[in-house]
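Chemist: The amino acid sequence is not available; the structure is as follows:
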């Protein structure tokens, strides 16, 4: 096999590996990590790293995704890289971001446009190249690689990297599409939703959160609660209370639900606050999420219902008292001495009233009309209630 054919074969293998890894990757970082390792192995270079492009500023923001053959040897270079942001323009990754094309520098220590060399005398690297990750015509990320030796540009490698950049762009595009769908879902939820990282910085908030707290997702993203609160005086994010609650969730390692009261624009709001840790597939906690549901209207309805129940209970108790009084009055009107006519041995009369309710509408009486006639009277009151039941009078009265 000729050298040229071997290089083409290895290049195709690399493309297939990158494509397979990109399809399997769940996140952009995962895809980039695998790609950095594959490319460093392919070209035999010890350092690989990637930048993301900030959507707002357009700056290159260093990620923490690296391939380092010797982490200790390149520790200084990593620290310098991660501590600075760069605008598109001169340099290695800056030029790639500005042009959308791969860039090669023979020796970064001798190139005045390589700004990181100004921050340390010996970064441990020399030759470097970078290529863009494209979504359409937009540069969304830049991958850069470094050797410990100065090297002339390899056009074959740069052409191969352009193809890889296009494949990786599909990963970013897919991830963005998934993120957009996720954002659409949470934006249409009836509850306030927020997500903060382990440093307490906002990752996202939904539309309901924006409306309730008076802040925007773009404003709070990347800020802590205290930073967002101090920079937006008209908004009360209750940073002290919320930081404590986030810490409680992280310490417990499980969801915590509580009911809270907030004051907004002179009004009191009742909110059910549920917070829970967000974990990776590995089980590692990476963020704290919160869902807050405004239950003010429900609480007010419950209070009104409780007031109605209280009125009903009062009315019921008053009615029971009246009925008990009516019972006592009614029972006092009925014959209670038996036998009622002890002088008459020829007959006996006994009667008993057991009302089904506190006050019965039934009544009875018996008396002699004259020496020869006995009147037995049994009746029922027309109407219901205490006053009706107590209004009857015995015929003999």
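Modeler: The structure has been received and is ready for your questions. Since this is a predicted model, take the numbers as computed values, not measurements. Numbering: from 1, shown residues only.
Chemist: Please name every helix or strand in contact with the biggest helix by length in the chain.
Modeler: For the chain, the longest helix by residue count, based on DSSP state H, is helix 296-333. With contacts taken as 3 or more CB pairs under 8 Å, 6 or more residues apart in numbering; DSSP states H and E, helix 296-333 sits against strand 267-279, helix 386-389. From N, CA and C alone the C-beta is placed, and that goes for glycine too.
Chemist: What segments of the stretch 1-150 of the chain are helices?
Modeler: Counting by DSSP state H, counting those that start in this stretch, one finds helices in the stretch 1-150 of the chain at the ranges 3-24, 28-43, 75-82, 93-99.
Chemist: Any idea which of those helices gets closest to residue 123?
Modeler: Residue 123 lies closest to helix 75-82 among these, at 4.3 Å (CB to CB).
Chemist: Residue 307: neighbour count?
Modeler: Using other CB atoms under 10 Å, residue 307 is surrounded by 10 other residues.
Chemist: Can you check the pLDDT for it?
Modeler: Residue 307 is assigned 81 on the pLDDT scale.
Chemist: still on that earlier bit, lowest average confidence across the helices and strands packed on helix 296-333, which one?
Modeler: Least confidently modelled of the helices and strands packed on helix 296-333 is helix 386-389, at a mean of 58 by mean pLDDT.
Chemist: re the thing from before, most tightly surrounded among the helices of the stretch 1-150 of the chain?
Modeler: helix 93-99 (a mean of 22; mean count of other CB atoms under 10 Å).
Chemist: closest one to residue 154 among the helices of the stretch 1-150 of the chain?
Modeler: Nearest to residue 154, of all the helices of the stretch 1-150 of the chain, is helix 28-43, at 8.2 Å by CB to CB.
Chemist: Quick one: residues in contact with that closest one.
Modeler: 10, 14, 17-18, 21-22, 25, 45-50, 52, 63, 65-67, 69, 141, 143, 145, 157, 161, 164, 168, 171-172, 175 (CB atoms under 8 Å, 6 or more residues apart in numbering).
Chemist: picking that back up, let me have the helices and strands packed on helix 296-333 in a markdown table, adding distance to residue 41 and mean neighbour count as columns.
Modeler: Formatted as a markdown table, the helices and strands packed on helix 296-333 follow (distance: least, CB to CB, whole Å; neighbours: other CB atoms under 10 Å):
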| stretch | distance to residue 41 | mean neighbour count |
| --- | --- | --- |
| strand 267-279 | 31 | 16 |
| helix 386-389 | 97 | 17 |
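Chemist: Residue 104 contacts residue 153, doesn't it?
Modeler: Yes - using CB atoms under 8 Å, residue 104 makes contact with residue 153 at a distance of 4.0 Å.
Chemist: So which of those two has more stuff around it?
Modeler: Between residue 104 and residue 153, counting by other CB under 10 Å, residue 104 is the more crowded of the two (21 against 14).
Chemist: which residues touch the more buried one?
Modeler: Residue 104 sits next to 127, 128, 129, 153, 154, 158 when contact means CB under 8 Å, 6+ apart.
Chemist: how deep is the residue nearest to residue 218 when sequence neighbours are not counted tucked in, by neighbour count?
Modeler: Nearest residue to residue 218 in three dimensions, chain neighbours excluded: residue 56, at 7.2 Å (CB to CB, 6 or more residues apart in numbering). Neighbour count for residue 56, taken as other CB under 10 Å: 8.
Chemist: Tell me the confidence at residue 56?
Modeler: pLDDT at residue 56 comes out at 79.
Chemist: Touching, it and residue 221? I think so.
Modeler: No - taking CB under 8 Å as the definition, residue 56 is not a contact partner of residue 221, at 9.0 Å.
Chemist: Tell me where the stretch 151-300 of the chain has helices.
Modeler: Along the stretch 151-300 of the chain, counting by DSSP H, counting those that start in this stretch, helices occupy 155-187, 207-213, 217-220, 225-230, 239-252, 296-333.
Chemist: got the angle for the longest one vs strand 267-279?
Modeler: Spelled out, it's helix 296-333. Angle, helix 296-333 to strand 267-279, by axes from the mean of the first three to the mean of the last three CA atoms, to 10 degrees: 120 degrees.
Chemist: Show me which positions of helix 296-333 end up buried.
Modeler: 299, 322, 323, 326, 327, 330 (16 or more other CB atoms under 10 Å).
Chemist: Distance-wise, check residue 209 relative to residue 292.
Modeler: To residue 292, residue 209 is 8 Å away according to CB to CB, to the nearest Å.
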